[in-house]
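Chemist: predicted structure and sequence below. I'll ask about it afterward.
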Amino acid sequence: MKGLLCEYNKLKTNTLLYVLCFIVIVFIAFCQYDAVRTGINAQGYIFSTGLATLNILGTVYIIFIGAFAFFNDWHWNTYQHQFINISNRKKICSLKLLIILMSSLFILILVVIFTCGIHFMNTGSINGILPDKFALQLLYTLLSLVFWGELAFTLTALTRNIVIGVLIPFVVNNFEILLYQYIGQKFSRFLPSYNLKSLLSYSFDNLKSGSMIVFPDIGYGFGIFNHIYLFVLLTFFILVNIYIFTKMEIPS
């Protein structure tokens, strides 16, 4: 248990360092950008742009978090000590997945605090600090981060290869869109990034053309199917990971 907590604290420290770098980037961008001059609705603009940026940059980081959450202990052969000290293997798996959730939530909270602070510094007021769909933007951003982190964790656990665990989620997240024109929307709706982008495109619809970052609607279909699809996939990842941890043989 102490080892897992130590691992989480280390990941949290790395997350903080990443956020500090992220803050520098977006601060410079925000200071050089005037949404009002371009005719964009300024209500919640900085808040939404910060979360949208997190969906892009944060995804890369959380993929590494998910992959390393499994691979570190496998590489150093420390799972055998965890299995001895903690009798329930499912508990170890749950704590590993909790690291992904807590890291995603931690970086999300920091970005929210920072973007709200930037808005107040620019306007001197809290009026218009949040967009109309701020709750959905928070929820779907967290869902996106957790999804890619758990996918990376699952692939790394299945293959015992961190390169595969990092590369496949990165490629799917960034290049899946290239398939849409060939397979059509009918089949695209069964792909993970399509469903996540459907949620993000709907919730971030206040970021129009001319904004720093947009989630363009290229025919995404927002609805109950997206939620069921992602829920089923996440549940599948969890069950696969529990099975792997239950049956995993650790070399002596």
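Modeler: That came through fine.
Chemist: show me the helices in the protein, by range?
Modeler: Taking DSSP state H as the criterion, the chain carries its helices at 2-31, 45-53, 59-75, 79-85, 89-123, 134-159, 162-175, 180-188, 192-203, 224-247.
Chemist: can the ones you listed go into TSV with extra columns for mean pLDDT, mean neighbour count and distance to V214?
Modeler: Placement of C-beta: from N, CA and C, glycine included. Below are those laid out as TSV (pLDDT from 0 to 100; neighbours: other C-beta atoms under 10 Å; distance: least, C-beta to C-beta, whole Å):
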stretch	mean pLDDT	mean neighbour count	distance to V214
helix 2-31	57	15	14
helix 45-53	87	24	8
helix 59-75	88	22	16
helix 79-85	71	14	43
helix 89-123	86	18	17
helix 134-159	96	22	13
helix 162-175	94	17	16
helix 180-188	88	12	17
helix 192-203	95	22	9
helix 224-247	94	15	19
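Chemist: for these, which one sits closest to I218?
Modeler: Checking those against I218 by C-beta to C-beta gives helix 180-188 as the closest, at 7.1 Å.
Chemist: okay, that closest one in PDB with CA atoms only?
Modeler: The C-alpha coordinates for helix 180-188 follow below in PDB (Å, rounded to 0.1, in the frame of the first residue of the first chain):
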ATOM      1  CA  TYR A 180     -13.700   8.600 -41.600                       C
ATOM      2  CA  GLN A 181     -13.700   9.500 -45.200                       C
ATOM      3  CA  TYR A 182     -13.100   5.900 -46.200                       C
ATOM      4  CA  ILE A 183     -15.400   4.000 -43.900                       C
ATOM      5  CA  GLY A 184     -18.200   6.600 -43.600                       C
ATOM      6  CA  GLN A 185     -20.100   7.800 -40.600                       C
ATOM      7  CA  LYS A 186     -22.000   4.500 -40.300                       C
ATOM      8  CA  PHE A 187     -18.900   2.700 -39.200                       C
ATOM      9  CA  SER A 188     -17.000   5.700 -37.700                       C
END
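Chemist: could you give the angle of it to helix 192-203?
Modeler: 90 degrees (axes from the mean of the first three to the mean of the last three C-alpha atoms, to 10 degrees).
Chemist: which other residues reach helix 180-188?
Modeler: Where contact means C-beta atoms under 8 Å, 6 or more residues apart in numbering, the residues beyond helix 180-188 that reach it are 179, 194, 218-219, 221.
Chemist: by neighbour count, which of the residues you listed wins?
Modeler: Neighbour tally across the contacts of helix 180-188 (other C-beta atoms under 10 Å): the maximum, 22 neighbours, falls on Y194.
Chemist: you'd agree it is up against F222?
Modeler: No. The criterion here is C-beta atoms under 8 Å, and Y194 misses it with F222 at 11.2 Å.
Chemist: perfect, that will be all.
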